[in-house]
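A.B. asks: no sequence on this one, just coordinates:
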């Protein structure tokens, strides 16, 4: 199987006043046209890993990797201009909270069509038609009205659908979804997830699904990476999660309540300083 | 390693300890980190140096000044800079400009200090009372604040000086009366955030009255933001004082106030340029110093604004 | 444009106007306070307004007559009522120096100040906004340091001294610009006879009269004071723009734009700047208002026949009606600009509620 993305020994360092801090410390993985979950608590480096693929770490952060190849393209070497050509049409990202990730003073329509108009040089009517199609694909019923709305006029679930539509318009090969439902009401989480799931399946794109929710990821992905303090501590197939060997993964699993399970207080996570080494 | 170095290293390690053992250590550690951050900002250090130099200059004026700033010598009037004995030249009464600038720093400092201890206190009082009581009191006090904010500062100061008569005390009064509203705003905003906090509720349950709560528990919380604001405002105070002096409404002759000196040099601008230029440079450097320092302080104490 | 779009816009305007109702009410309160302050300054001042009118040698009967005419025999609160009533009708009394209604004089002087402040603001925006944006996109770089230092210098220089230095260098030594005044002396004479004052603004009037020679001369005179005021405005605008821009560039929607593969110029000058514009409106309005203040000192230096010169001249002649009238007008413009920025803010920011 030809790999879509290969990452070997990725390191992301932030230079702070108290010296350099490594947020990601030697992460390696491969990804085909499959769905990969990255799980970890906040600060584990999962978001930074996702953004590194797009080379969207701003100074004072630095990205270093022995290898970072996307579809045969060496991401560590290409110019910013070539990287920009990849962002959008080839690699896209859905971010956590549509309240912050959509431009508050631009109409949804303008944000949806700007890529089409600027990059693909489509006319206004054509771009609008495509944008409306994309909104329909994420099951928005009155796309005409949404096109004219400002982001703050949309609900969270609606906003996240707009975000997904926007990212899928150019039909990318790889989609990174960074906690795409964490900011949403529980009632709409499932809906948004199933929309995302359906689109990714239909179009056969690779997906990196970043979340702190181990069970969600297991249900949604083929394979799961568990990160702790900037390292991958375990890699498991989603179906074999219960057989995970690493104590941290087991700990994460045990902290979750189960319907019909015991009513005893949930166990806390005992951390072992050794996990952070390797 | 010598004993002294060991000791020094020990103190620094104690300051940099990431897990402080006492409140004092935590506070001093924070201050030390702020100082380190500030020291890396060359512009802020320049500002600090200028302000320190101003203090030294004002304190040691009689020893630093080569001449008496008031003695006139009409045989030596309007000498250009670089004349032996008169580094910055002399003015139209033959007085040494350098000496007058050095003595003038005392007047500038006098005004700055008086304004800095009066306007923020008034603002703090109005702001905390307004924020603490809320409702009708808040409405009235904030409306008054808005009215004073609606006046352009210099013009209100002009009108006030016109009533009070020119002079250094009246200039200070006029500046202070126009300078307090921003402090009231800042203090009110801070008060609103602490007013509903649990520890204020705890003090209230202990039976403390409003004056005690405001004085003892609310005001101290507002102080840091007010102090930053004061540092940033000092340059503006210097400029307004100089403006009043320049218009002849502030400090009166023969006192060597810098704005006044510029105005007396205006008559000879094109022939004897230095008479107006030199005191202006002094104002510029000093207020730049305060601005650089205030800017650096804000960067250090409020990391959101830092240039990273 | 679709129908729904215009109706949406209309409702937003209506909303802003409804909000404006509240603004007008607080405006009225502020205005009343403004008049109260000037009223008291006018009463406390140690100049007897009656004596100022009738002169030292008036008889008691004459004195009393004028006192009655000025309403000074009434109780204080009634005097204040009269004062407010008159002020609302544009009556600030008579200038003691010229015996003319203060409001007529202000009407004559104000356009010159407005012209100066407008040119300065335009300069401040055209230079300050791009400078602030560029500084924010390269924090810590050489250009950022330059913008920062040039801005801080603008904050730190006494504007009257800067004016004198400008005159010394550009007029006295280099001779690039005209000196004090609005025109050269020769043109100044001609102006009285040959120029119809449509607006009171020298550049506009010379242009409207088709006197391009005079226009060029006026331009050479206004460029220095406008440039100097513009510099102080630029210092303020560039600093604020930089700080707003830094804030916006850290937002998530900026990352979204980059993820979409938008080029950096579009990320900064469209996505971020559109958001910066919202708070920037207030800053520009405020800087415009501050310019009115800065013009007091600048106008004295450049013998510019504007409101600033009017107020200071009146001050030295102890002409209190003129001083207070001028102060009220500047205060009203100040308040008006604040209100305008409030309304614009609501129109520009779709989130304003």
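C.D. replies: Thanks, I have the structure now. In this text the structure is predicted, and so the values were computed from the model without any measurement.
A.B. asks: Can you give me the neighbour number for residue A:124?
C.D. replies: With neighbours defined by other C-beta atoms under 10 Å in any protein chain shown, the count for residue A:124 comes to 10. The C-beta positions use only the backbone N, C-alpha and C, and glycine is treated the same way.
A.B. asks: Please name the nearest non-neighbouring residue to it.
C.D. replies: In space, residue A:124 comes closest to residue A:117 once its chain neighbours are excluded; the distance is 7.1 Å by C-beta to C-beta, 6 or more residues apart in numbering or on different chains.
A.B. asks: Show the model's pLDDT score for the one you found.
C.D. replies: At residue A:117 the predicted local distance difference test score is 88.
A.B. asks: All the strands of the chain, in order from the start?
C.D. replies: Defaulting to chain A. Secondary structure of chain A, counting by DSSP state E: strands at A:5-16, A:19-31, A:35-39, A:61-64, A:67-70, A:73-74, A:91-94, A:174-178, A:206-211, A:223-228, A:231-237.
A.B. asks: Quick check: which of those strands has the most neighbours on average?
C.D. replies: Ranked by mean neighbour count under mean count of other C-beta atoms under 10 Å in any protein chain shown, the strands of chain A are led by strand A:91-94, which reaches a mean of 27.
A.B. asks: which helices and strands does that strand pack with?
C.D. replies: helix A:46-53, helix A:156-168, strand A:174-178 (3 or more C-beta pairs under 8 Å, 6 or more residues apart in numbering or on different chains; DSSP states H and E).
A.B. asks: I'd like the mean pLDDT over stretch B:160-174, please.
C.D. replies: With pLDDT averaged residue by residue, stretch B:160-174 scores 84.
A.B. asks: And stretch C:99-106, by the same measure?
C.D. replies: So the average pLDDT for stretch C:99-106 ends up being 89.
A.B. asks: Generate TSV for the strands of chain A, with distance to residue C:62 and mean pLDDT as supplementary columns.
C.D. replies: Compiled in TSV, the strands of chain A are given as follows (distance: least, C-beta to C-beta, whole Å; pLDDT from 0 to 100):
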stretch	distance to residue C:62	mean pLDDT
strand A:5-16	81	88
strand A:19-31	86	86
strand A:35-39	95	89
strand A:61-64	84	88
strand A:67-70	96	88
strand A:73-74	98	88
strand A:91-94	86	91
strand A:174-178	86	90
strand A:206-211	91	90
strand A:223-228	95	87
strand A:231-237	98	83
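A.B. asks: Let's have these in CSV, adding distance to residue B:95.
C.D. replies: CSV is the format used below for those (distance: least, C-beta to C-beta, whole Å):
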stretch, distance to residue B:95
strand A:5-16, 55
strand A:19-31, 56
strand A:35-39, 77
strand A:61-64, 60
strand A:67-70, 73
strand A:73-74, 74
strand A:91-94, 71
strand A:174-178, 71
strand A:206-211, 74
strand A:223-228, 75
strand A:231-237, 74
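A.B. asks: how far is stretch A:33-42 from where the chain is centred?
C.D. replies: 8 Å (C-alpha atoms, centre = their mean, to the nearest Å).
A.B. asks: after the helix or strand encompassing residue B:211, next one along is what?
C.D. replies: Residue B:211 belongs to helix B:210-213 when elements are defined using DSSP states H and E. Once helix B:210-213 ends, the next helix or strand along the chain (criterion: DSSP H and E) is helix B:219-246.
A.B. asks: got the residues of chain C near chain A?
C.D. replies: Applying C-beta under 8 Å from any C-beta of the partner chain, one finds that chain C approaches chain A through C:2, C:4-5, C:8, C:251-253, C:255-263, C:266, C:271, C:274-275, C:277-278, C:348-351.
A.B. asks: try 10 Å
C.D. replies: Taking C-beta under 10 Å from any C-beta of the partner chain, the part of chain C that reaches chain A is made up of C:2, C:4-5, C:8, C:139-140, C:248-264, C:266, C:270-278, C:348-351, C:353.
A.B. asks: Got a quick ChimeraX command for the buried subset of the residues you listed?
C.D. replies: Applying 16 or more other C-beta atoms under 10 Å in any protein chain shown to the residues of chain C next to chain A leaves a buried subset, and the ChimeraX line that selects it is:
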select /C:139,248,249,251,252,253,254,255,256,257,258,259,260,261,262,263,266,270,271,272,273,274,275,276,277,278,348,349,350
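A.B. asks: can you tell me which of the residues of chain C next to chain A are in helices?
C.D. replies: For the residues of chain C next to chain A, the ones inside helices are C:4-5, C:8, C:248-249, C:252-259, C:264, C:266, C:273-278, C:348, with DSSP state H as the criterion.
A.B. asks: which residues touch residue 35?
C.D. replies: With no chain named, the answer covers chain A. Neighbouring residues of residue A:35 by C-beta atoms under 10 Å, 6 or more residues apart in numbering or on different chains: A:175, A:177, A:197, A:200-201, A:205-209, A:217, A:220-224, A:238.
A.B. asks: Correction: the question concerned chain C.
C.D. replies: Applying C-beta under 10 Å, 6+ apart, we find residue C:35 in contact with B:147, C:80, C:83, C:84, C:86, C:87, C:88, C:324, C:328, C:331, C:332.
A.B. asks: one more time with 7 Å, if that's ok
C.D. replies: Neighbouring residues of residue C:35 by C-beta atoms under 7 Å, 6 or more residues apart in numbering or on different chains: C:83, C:84, C:87, C:328.
A.B. asks: so how far is the host helix or strand of the third one from its chain's centroid?
C.D. replies: What it means is residue C:87. For residue C:87, the element it lies in under DSSP H and E is helix C:76-88. Averaging C-alpha coordinates over helix C:76-88 and over its chain gives two centres that are 27 Å apart (C-alpha atoms, centre = their mean).
A.B. asks: Buried residues, it. List them.
C.D. replies: Burial within helix C:76-88, assessed by neighbour count using 16+ other C-beta under 10 Å, is assigned to C:79, C:80, C:83, C:87.
A.B. asks: And stretch C:66-73, by the same measure?
C.D. replies: Of the residues in stretch C:66-73, C:66, C:67, C:70 count as buried by neighbour count, 16+ other C-beta under 10 Å.
A.B. asks: Could you check how far the first one is from chain A?
C.D. replies: The gap separating residue C:66 from chain A is 60 Å, by C-beta to the nearest C-beta, to the nearest Å.
A.B. asks: Show me what the helix or strand where that residue lies is packed against.
C.D. replies: Taking DSSP H and E as the criterion, the element that holds residue C:66 is helix C:60-69. With contacts taken as 3 or more C-beta pairs under 7 Å, 6 or more residues apart in numbering or on different chains; DSSP states H and E, helix C:60-69 sits against helix C:49-54.
A.B. asks: Could you give the average pLDDT over the helix it packs on?
C.D. replies: Rounded mean pLDDT across helix C:49-54 is 71.
A.B. asks: Stretch C:278-293 too?
C.D. replies: Across stretch C:278-293, the per-residue pLDDT values average to 85.
A.B. asks: Is it positioned near chain B?
C.D. replies: Yes: judged by C-beta under 7 Å from any C-beta of the partner chain, stretch C:278-293 and chain B are in contact via C:289, C:292, C:293.
A.B. asks: I'd say the second one and residue C:333 touch.
C.D. replies: Yep, that's residue C:292 we're talking about. Yes: Residue C:292 is within contact range of residue C:333, at 6.1 Å (criterion: C-beta atoms under 7 Å).
A.B. asks: Comparing those two, which residue is more hemmed in?
C.D. replies: Neighbour tally, residue C:292 and residue C:333, criterion other C-beta under 10 Å: the higher count belongs to residue C:292, 26 against 19.
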